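Novice: Attaching a predicted model along with its sequence, questions to come.
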Amino acid sequence: MSQLQQISVLGATGSIGLSTLDVIARHPERYQVFALSGFSRLLELETLCLRFRPRFAVVPTAAVAVKLQGALQSGGLSTRVLVGEAGLCEVAAHPEVDTVMAAIVGAAGLKPTLAAVETGKKVLLANKEALVMSGALFMQAVRKSGAVLLPIDSEHNAIFQCLPGDYGRGLSQVGVRRILLTASGGPFRQTPLEQLQAVTPEQACAHPNWSMGRKISVDSASMMNKGLELIEACWLFDAKPAQIEVLIHPQSVIHSLVDYVDGSVLAQLGNPDMRTPISHALAWPERIDSGVAPLDLFAIARLDFQAPDEVRFPCLRLARDAADAGGSAPALLNAANEVAVQAFLQRRIRFPEIANVIAEVLNLAPTVAVESLEGVLQADAQARQLAEQWLQRHER
Ligand code: NDP
Ligand code: MG
């Protein structure tokens, strides 16, 4: 490869953003950082800018932009600081950008990720919420622009690696019977059910295998993460919800499997370190060093599997129902979940109430067909409003 690939990292200050920059830093002969974005961790963003010297940085407000611009200038950088969603969309769609890492958490990442898709970039998708919300429109935009969409979510990256290159012809065409989506079961897999009422945000965020941002950590504890991933997999691989089976695999060594009609089951294994899927997607179709230690199967010694318990994890059922309902249901589910998780992190509600908020929003808001981005945003806003109303009625 003669030219350096120019990369915009959206959500650079987060867990995925930092892992991405760790991989990029290992391969200066391949990759150059074009833009970095942050939201609340602005000192960290400044440090990252001084280290990676991007053309652009993006921050949430004009006041913060002025401050960062001054600091970077004093540091001898010519980095231009842009503001807000418009700034994020600009660095996602910039003609000089080859690759966009979409690693903003939640619905806030939707428009910038779509901007990258619509301009035909290589899009590394960590921001699963964007795809869950807008699935049909998102995939339509991918087909229209010719964007190369590569999954960063470890499970979807594993499935992608276990599928043949021409899986776009249709899963049944390439002999796939089912997709087996693995889940760790999170920190509360074995917690007595009556104790879930009292669990704290700190306990929910203490994931046994992965170190991640707070929102996805709570989603893992409720297994809504697996629910969102089920919907994500349906869109990425053109699968029906019924073709995807969730299985709990507490060691997080097998990252997912593909079951073929001849009885072959292909799996991708690796240490639970996001630098593996990030490196895979960055270099695809080549392979590069990620800094991840080789897998030591002797140390792991055993791999366990069990079926998920929907009494313990009602969010999984809610997500499967939303996947079956289609239309606006996944956008409603996602937005209600974002509000509920935030409320739990702020200690406004108890952990099991996350599922109650989402169930009520899905009961109250009718599922409608979604034909435009406005439709998606309307569903998102309606769910947020209904979820807030629930919180006001039930707050402790
Ligand atoms: P983090 O919370 O660690 O990082 C989120 C990033 O988004 C940060 O850079 C944050 O900025 C930025 N951000 C937050 N809110 C906004 C907003 N309103 N507007 C613009 N930027 C915002 O999350 P993760 O890195 O863990 O997760 C990122 C995405 O990747 C999520 O969608 C998650 O589901 C997905 N993912 C993560 C995995 C992981 O291992 N962490 C695994 C698989 C998927 P700041 O920090 O400066 O506030
Ligand atoms: Mg995952």
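Specialist: The structure has been received and is ready for your questions. Ligands and ions are numbered 1, 2, ... in the order given.

Novice: check which helix or strand covers the residue in the stretch 201-350 of the chain positioned nearest to ligand 2.
Specialist: Relative to ligand 2, the nearest point of the stretch 201-350 of the chain is residue 229 (5.5 Å; Cβ to the ion). Backbone N, C-alpha and C define where each C-beta goes, glycine included. For residue 229, the host element (DSSP states H and E) is helix 224-237.

Novice: which other helices and strands contact that helix?
Specialist: helix 128-145, strand 148-151, helix 154-162, strand 176-183, helix 214-222, strand 244-248, helix 314-325, helix 329-345 (3 or more Cβ pairs under 8 Å, 6 or more residues apart in numbering; DSSP states H and E).

Novice: between the ones you listed, which one is nearest to residue 190?
Specialist: Residue 190 lies closest to strand 244-248 among the helices and strands packed on helix 224-237, at 10.7 Å (Cβ to Cβ).

Novice: Please work out which residues outside the closest one touch it.
Specialist: If you take Cβ atoms under 8 Å, 6 or more residues apart in numbering as the criterion, strand 244-248 is touched by 178-185, 189, 226, 230, 233-234, 305-308, 316.

Novice: what mean pLDDT does that strand have?
Specialist: Strand 244-248 carries an average pLDDT of 98.

Novice: buried sites along that strand?
Specialist: The neighbour-count check on strand 244-248 (16 or more other Cβ atoms under 10 Å) flags 244, 246, 247, 248 as buried.

Novice: Quick check: chain neighbours aside, which residue is closest to the closest residue to ligand 1 within the stretch 251-396 of the chain?
Specialist: Nearest residue of the stretch 251-396 of the chain to ligand 1: residue 274, at 4.6 Å (Cβ to the nearest ligand atom). Leaving aside its chain neighbours, residue 274 sits nearest to residue 19 (4.8 Å; criterion: Cβ to Cβ, 6 or more residues apart in numbering).

Novice: Which residues are in contact with the one you found?
Specialist: Per Cβ under 8 Å, 6+ apart, neighbours of residue 19: 273, 274, 275, 278.

Novice: Most neighbours among these, which one?
Specialist: residue 278 (27 neighbours; other Cβ atoms under 10 Å).

Novice: Quick one: classify it as helix, strand or coil.
Specialist: Following DSSP: H, G, I helix; E, B strand; the rest coil, we place residue 278 in the helix state.

Novice: Now for it: which residues touch it?
Specialist: Counting by Cβ under 8 Å, 6+ apart, residue 278 has contacts 16, 19, 20, 23, 101, 124, 152, 290.

Novice: Then residue 138?
Specialist: 113, 114, 117, 130, 131, 235.

Novice: low-scoring stretches of the chain, by residue?
Specialist: Along the chain, segments meeting pLDDT under 70 span 1-2, 396.

Novice: repeat that for 50
Specialist: 1 (pLDDT under 50).

Novice: and it, which residues reach ligand 2?
Specialist: Residues of the chain found near ligand 2 (Cβ under 5 Å from the ion) are 153, 154, 155.

Novice: The first one is in contact with residue 232, isn't it?
Specialist: Meaning residue 153. Yes. Using Cβ atoms under 8 Å, residue 153 and residue 232 qualify as a contacting pair, with a distance of 6.5 Å.

Novice: any common contacting residues for these two?
Specialist: residue 128.

Novice: ok, residue 243 touching residue 170?
Specialist: No. Counting by Cβ under 8 Å, residue 170 is not a contact partner of residue 243; they are 11.2 Å apart.

Novice: out of those two, which sits in the more crowded spot?
Specialist: A count of neighbours by other Cβ under 10 Å puts residue 243 above the other of residue 243 and residue 170, at 17 against 12.

Novice: so who does the more buried one touch?
Specialist: Residue 243 makes contacts with 171, 176, 177, 178, 179, as judged by Cβ under 8 Å, 6+ apart.
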